[in-house]
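Participant: One predicted model, sequence on top.
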Amino acid sequence: MTRPTAEVAASGPARRPGTWRAVAVLVLVAVAALVPLLGPSMALRGTGEAAAPGVGGIALLRGVLFAALCVPSGELFVDRLARRLPDAPPERPSSWAVFAAVAGFVAALGLASVVSTGNLVPHSLADIDVGGLYQSRDGKLALIEVNAFLLAGLCARSRRPAAQAWPLAAVS
């Protein structure tokens, strides 16, 4: 029954039950995005302790990094679910995985530059010690993130975009 009955058509336009849930999820995601931006300053309020320099920018970079990890992972998961449906249409929506990989690569580079200066915000390119990244555990992890997002972007552009699951697993 794809056509509404006379009773339903007379009552007005059909309401979709999932609309309010989707709006609620979007509001919760927006509030969750504000936590890393506003959280450190709110936690330090009234303690007399100053916030570390660049806390807001670093929180923003971490949020972008997390979103860049979630978008392609979600796409891979949904594509896998859609392939299992018996009557699923063969065409797929356009992928945002390449854009997410670029955003993750830039955010990972920004975080690696912070790690290379001893967890301080660099003020010039001369402050960044790229060779020093290999000397610390945090630096090695930052380089893994940068390389993994670069590889995930290349895999997303390839003939087998499902291969980007491996570099994304390295980041997570």
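Facilitator: Received, thanks. None of these values were measured; they are calculated from a predicted model.

Participant: list the contacts for the spatially most central residue of the chain?
Facilitator: Nearest residue to the geometric centre of the chain (Cα atoms, centre = their mean): A67, 1.1 Å. By Cβ atoms under 8 Å, 6 or more residues apart in numbering, the contact set of A67 is A100, A103. C-beta coordinates here come from the backbone N, C-alpha and C atoms, glycine included.

Participant: low-confidence ranges in this protein?
Facilitator: 1-17, 51 (pLDDT under 70).

Participant: Buried residues, the helix or strand harbouring L81. List them.
Facilitator: Assessed by DSSP states H and E, L81 sits inside helix 55-84. Buried residues in helix 55-84, counted by 16 or more other Cβ atoms under 10 Å: 55, 58-61, 63-66, 68-69, 71-73, 75-76.

Participant: try stretch 140-159
Facilitator: Using 16+ other Cβ under 10 Å as the test for burial, stretch 140-159 gives 141-143, 145-146, 148-153, 155-156.

Participant: Helices of this protein, start to end?
Facilitator: 6-10, 19-44, 55-84, 97-116, 137-157, 165-171 (DSSP state H).

Participant: out of the ones you listed, nearest to V130?
Facilitator: V130 lies closest, by Cβ to Cβ, to one member of the helices of the chain: helix 97-116, at 6.1 Å.

Participant: Show me what counts as buried in the closest one.
Facilitator: 97-98, 100-116.

Participant: Please enumerate residues in contact with that helix?
Facilitator: Outside helix 97-116, the residues that touch it by Cβ under 8 Å, 6+ apart are 54, 57-58, 61-62, 64-65, 67-69, 71-72, 75, 120-122, 128-130, 132-133, 136, 138-139, 142-143, 145-146, 148-150, 152-153, 156-157, 161, 164, 171.
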